[in-house]
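Asks: sequence and predicted structure are below.
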Amino acid sequence: MWNHLELRARSLLTFAATKLTARRGLGKAMHRQRDEFYAHTWEQAAKQIGATFQQLEGGLFEFQRKRQRTRVWKNYTTLDNPVTLRLAGNKPLVLQKLMGIAPLSPWKTFTIETIETAYEMLDGSSYVVKPARNTGAGSGVTTGIRSRRELRNSVAVASAFDSTLLIEKQIPGSNYRLLFLQGELIEIVRRDPPTVVGDGKSSIKSLITRENSLRREQGWRRAQTMLTVDDDMRRTLSASGMTLGSVPEADQSIVLKTVINENRAAENCVVDEMCPEIVSMCRDCVRELGIQLAGVDIITPDLTVPLLESGGAVLEMNTTPGLYHHFDPKQLNCRIASVILEAALCQSESSPKETLNEKWEVAS
């Protein structure tokens, strides 16, 4: 059995490998393509609502319409304050505040030094381990954990991102994001896991290489990240009786991961109807945390009935929800960006410079 020092050492190696990957040319290319997506999205949104658009240094964008002015950075807006962002980034704290409001998966926090308390959760079911604070986009998340060995491996990965870890029971079903703006539901998307389609002759590893080549060529029009081979992929394939060397039949769709953040734009699907009780419960979660722009992630096997009835659960809250989940790759349009920008401009009332000038004039 690994001791705590060995886990800590592997965690440091994982952290170093993550940094090395980010510095590769491929990583830089994806970051550049992601920046291009935000520039395209926000400029398009500004045109739709009649605001000016200016690109500032450091990836900042500024918008103005008459006396209204606001700025954004990537998917960060001025709608929610830093304290709210801090609160929502603390997953255990969010889960504590949502207890009694929404069904939650059984969960527990722990550290490398207290990993024995996480062992106690293992009961033959599948579990998820993730960093407890200030991460997103699936960073450090491992799913399908059943054994102590798998748990130790997941701890080595997750602790590269945060010293406090979260283990929770994995709930079967589809993943949905409900996006709320100032208490109003503006869109629901089903976020399907990343897949490749067999051709009857290529291995899954070759299909992944081919898909990543398309992602490099097409950039944000296809996806925002590359497919990475990791424990989650190997475990997901193994559950289907496959490995990276398996050759799927022609037109056979192969689910590569349980963690969905490496999916393509086309794998995020708009949902027109959902059980009203689910929507109302998610709205209550948003109000409890006082979030202006919130993405509520739920998992359920049946979106037509309440979560308590289906065995579903609320997974987490996001104060800087990814715009890419709401991107239409056919129309090259982010469906919700203009609505968000409109709200941010209206909330600004007037530009900070004008407001300050008015105070100076009164004072003088």
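Replies: Sure, I can see it.
Asks: partner strands of whatever helix or strand K130 lives in, parallel or antiparallel?
Replies: In this structure, K130 is located in strand 127-131 according to DSSP states H and E. According to DSSP bridges, strand 127-131 forms sheet pairs with strand 142-145 (antiparallel), strand 165-169 (antiparallel).
Asks: could you export it as CSV, CA atoms only?
Replies: Taking C-alpha atoms only, strand 127-131 is exported to CSV below (Å, rounded to 0.1, in the frame of the first residue of the first chain):
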residue,chain,number,x,y,z
TYR,A,127,-17.4,6.9,-7.0
VAL,A,128,-15.9,10.2,-8.3
VAL,A,129,-12.9,12.0,-6.8
LYS,A,130,-12.2,15.6,-7.6
PRO,A,131,-10.4,18.7,-6.2
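Asks: what residues does it touch?
Replies: 91, 118, 121, 139-143, 145-146, 151, 154-155, 157-159, 161-162, 164-170 (C-beta atoms under 8 Å, 6 or more residues apart in numbering). Where C-beta positions appear, they are placed from N, C-alpha and C, glycine not excepted.
Asks: try 7 Å
Replies: For strand 127-131, contacts defined as C-beta atoms under 7 Å, 6 or more residues apart in numbering pick out 121, 139-143, 145, 151, 154-155, 158, 161-162, 165-170.
Asks: a markdown table for the strands paired with strand 127-131, including distance to T78?
Replies: Formatted as a markdown table, those follow (distance: least, C-beta to C-beta, whole Å):
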| stretch | distance to T78 |
| --- | --- |
| strand 142-145 | 34 |
| strand 165-169 | 29 |
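Asks: compare these and give me the one nearest R190.
Replies: strand 142-145 (17.7 Å; C-beta to C-beta).
Asks: quick check: the gap between L165 and R152.
Replies: 12 Å (C-beta to C-beta, to the nearest Å).
Asks: who has more neighbours, these two?
Replies: When L165 and R152 are compared for neighbours, L165 comes out ahead with 27 against 20, by other C-beta atoms under 10 Å.
Asks: need the nearest residue in space to T300, chain neighbours excluded.
Replies: Distances taken as C-beta to C-beta, 6 or more residues apart in numbering put G312 closest to T300, at 3.0 Å, once the chain neighbours are dropped.
Asks: same question for K74.
Replies: Leaving aside its sequence neighbours, K74 sits nearest to Y38 (C-beta to C-beta, 6+ apart; 5.3 Å).
Asks: around the one you found, how many other residues sit close by?
Replies: Y38 has 21 nearby residues by other C-beta under 10 Å.
Asks: that one: helix or strand, and which one exactly?
Replies: helix 25-49.
Asks: so which elements touch that helix?
Replies: strand 52-55, helix 337-348 (3 or more C-beta pairs under 7 Å, 6 or more residues apart in numbering; DSSP states H and E).
Asks: just name the most buried of these.
Replies: helix 337-348 (a mean of 20; mean count of other C-beta atoms under 10 Å).
Asks: which elements pack onto that helix?
Replies: Short answer (3+ C-beta pairs under 7 Å, 6+ apart): helix 337-348 packs on helix 25-49, strand 60-65, strand 68-73, strand 174-181.
Asks: hmm, who's touching it?
Replies: Residues contacting helix 337-348 (C-beta under 7 Å, 6+ apart): 41-42, 45-46, 48-49, 51, 63, 65, 68-70, 77-79, 181-182, 186, 293, 323.
Asks: so what's the closest residue to E267 other than its chain neighbours up against?
Replies: In this structure, E267 finds its nearest non-sequential neighbour in D192, 4.3 Å apart by C-beta to C-beta, 6+ apart. Residues in contact with D192 (C-beta under 7 Å, 6+ apart) are 260, 263, 267, 269.
Asks: quick one, helices of the protein?
Replies: With DSSP state H, the ranges of helices along the chain come out as 4-23, 25-49, 82-88, 91-98, 115-119, 148-158, 204-218, 231-239, 276-289, 307-310, 337-348, 352-363.
Asks: okay, these in JSON lines with distance to G198 and mean pLDDT next?
Replies: Putting the helices of the chain into JSON lines (distance: least, C-beta to C-beta, whole Å; pLDDT from 0 to 100) gives the following:
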{"stretch": "helix 4-23", "distance to G198": "27", "mean pLDDT": "55"}
{"stretch": "helix 25-49", "distance to G198": "25", "mean pLDDT": "87"}
{"stretch": "helix 82-88", "distance to G198": "40", "mean pLDDT": "91"}
{"stretch": "helix 91-98", "distance to G198": "36", "mean pLDDT": "92"}
{"stretch": "helix 115-119", "distance to G198": "37", "mean pLDDT": "88"}
{"stretch": "helix 148-158", "distance to G198": "27", "mean pLDDT": "84"}
{"stretch": "helix 204-218", "distance to G198": "7", "mean pLDDT": "95"}
{"stretch": "helix 231-239", "distance to G198": "13", "mean pLDDT": "87"}
{"stretch": "helix 276-289", "distance to G198": "35", "mean pLDDT": "96"}
{"stretch": "helix 307-310", "distance to G198": "31", "mean pLDDT": "96"}
{"stretch": "helix 337-348", "distance to G198": "35", "mean pLDDT": "96"}
{"stretch": "helix 352-363", "distance to G198": "56", "mean pLDDT": "46"}
